[in-house]
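Chemist: This is the structure alone, sequence omitted:
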């Protein structure tokens, strides 16, 4: 289920102001069009594409990225057989805020931000003030408090992320995370490595 657009009614408008520290590091954040550049990992002409719909706040997605994705990357992405596209499908307000911040960092840092937010999910996902906790994590990538504040107040970016998620729900039947498509085919049991590898191998055979 998609979340309310009233992000700050859940996270608290005062959260961003709580960590506006003078002299904090700043990094340029990108405009909405650039922020919405899809995160694609691997060779552009790889014969098979995997598309994952995920929420940065989803524990199952964190499990996928810490246990299954590294194997897929080593065996298929790094070898040029597969390209991997990561699509935000936020399932709650902290997940939406994390997606916005990761995208605001720009295409060159997007992948690293996704990794950081998954690695620290237990910390910010369970925090009393998730937005403040996300801001602290974002500092690892050089985003200062003002950058984060400006980013999460970008209603056009918020709307663009949620509109894309809503389209995935309406047109592809995505209603849970993570949801994986291999060569356009939905993969059931995406948290089982052998099921995912079998779907990839089948797609690679078909692409020959």
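Modeler: Arrived safely. Nothing here was measured: the structure is a model prediction, and the numbers come from that model.
Chemist: CA atoms for contacts and neighbours, from now on please.
Modeler: OK.
Chemist: Quick one: low-confidence residue ranges for this structure.
Modeler: Flagging of the chain using pLDDT under 70 yields the residue ranges 1-27.
Chemist: could you pull out the strands for it?
Modeler: For the chain, the strands defined by DSSP state E cover 39-41, 48-54, 82-88, 179-182, 185-187.
Chemist: Walk me through which strands the first one pairs with, and which way each runs.
Modeler: According to DSSP bridges, strand 39-41 has the following sheet partners: strand 82-88 (antiparallel).
Chemist: The strand it pairs with vs strand 48-54, what angle?
Modeler: Here strand 82-88 points in a direction 20 degrees away from that of strand 48-54 (axes from the mean of the first three to the mean of the last three CA atoms, to 10 degrees).
Chemist: May I see the buried residues of strand 82-88?
Modeler: Judged by neighbour count using 16 or more other CA atoms under 10 Å, the buried positions of strand 82-88 are 82, 83, 84, 85, 86, 87, 88.
Chemist: From the chain's centroid, how far away is that strand?
Modeler: Computed by CA atoms, centre = their mean, to the nearest Å, the chain-centroid distance of strand 82-88 equals 10 Å.
Chemist: contacting residues around that strand?
Modeler: For strand 82-88, the external contacting residues (CA atoms under 8 Å, 6 or more residues apart in numbering) are 38-56, 76-77, 99, 161, 165.
Chemist: Give me the buried subset of these.
Modeler: 39-43, 46-56, 76-77, 99, 161, 165.
Chemist: Any idea what the residue most central in space within the chain is bridged to?
Modeler: Nearest residue to the geometric centre of the chain (CA atoms, centre = their mean): residue 88, 4.7 Å. According to DSSP bridges, the partner residues bridging residue 88 are residue 54.
Chemist: cool, and residue 83?
Modeler: residue 49.
Chemist: Next one: it from residue 62, what distance?
Modeler: For residue 83, the distance to residue 62 (CA to CA, to the nearest Å) stands at 20 Å.
Chemist: Over to residue 144?
Modeler: Residue 144 is 25 Å from residue 62, by CA to CA.
Chemist: Ok, residue 115 next?
Modeler: Counting by CA to CA - residue 115 and residue 62 are separated by 9 Å.
Chemist: With residue 80 instead?
Modeler: Counting by CA to CA, the gap from residue 80 to residue 62 is 24 Å.
Chemist: which one of those two has more residues nearby?
Modeler: residue 62 (23 against 17; other CA atoms under 10 Å).
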